[in-house]
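In: Turn this into a model:
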Amino acid sequence: MTKFWNNINKFPRFIFSVIIGFFLTTFRTIFELLKKKNKRLTISIIIIVFISITTSILRQMLGIK
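Out: Predicted structure coming up:
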């Protein structure tokens, strides 16, 4: 039974490291692309379009005008 509780105690650290790892690997590639001058505009436009589409969808789902 102590093994079970040890595993339960380790779970939050595991989830935290998985989430941090996901964001680090995702944003590292974006930042590497932003260092190149010719890709900076393209990546910026893609990010802005993604954020605007996401906010538009959420507003329509929640009924916010």
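In: just the helices in the chain please.
Out: Remark: helices assigned in the chain by DSSP state H are 2-35, 37-62.
In: Need those in a markdown table (columns: mean neighbour count).
Out: Any C-beta I mention is one placed from the backbone N, CA and C, and that applies to glycine too. Formatted as a markdown table, those follow (neighbours: other Cβ atoms under 10 Å):
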| stretch | mean neighbour count |
| --- | --- |
| helix 2-35 | 10 |
| helix 37-62 | 10 |
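In: so can I have TSV of those showing mean pLDDT?
Out: Output for the helices of the chain, formatted as TSV (pLDDT from 0 to 100):
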stretch	mean pLDDT
helix 2-35	90
helix 37-62	92
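In: Centre-most residue in this protein?
Out: Geometric centre of the chain, nearest residue: Phe23, 5.1 Å, by Cα atoms, centre = their mean.
In: Would you check how far apart Thr25 and Ile45 are?
Out: 23 Å (Cβ to Cβ, to the nearest Å).
In: swap in Asn9?
Out: 45 Å.
In: and if you look at Gly21?
Out: 27 Å.
In: can you check Lys35 too?
Out: Taking Cβ to Cβ, one finds Lys35 at 17 Å from Ile45.
In: now Phe14
Out: Taken as Cβ to Cβ, the span from Phe14 to Ile45 is 36 Å.
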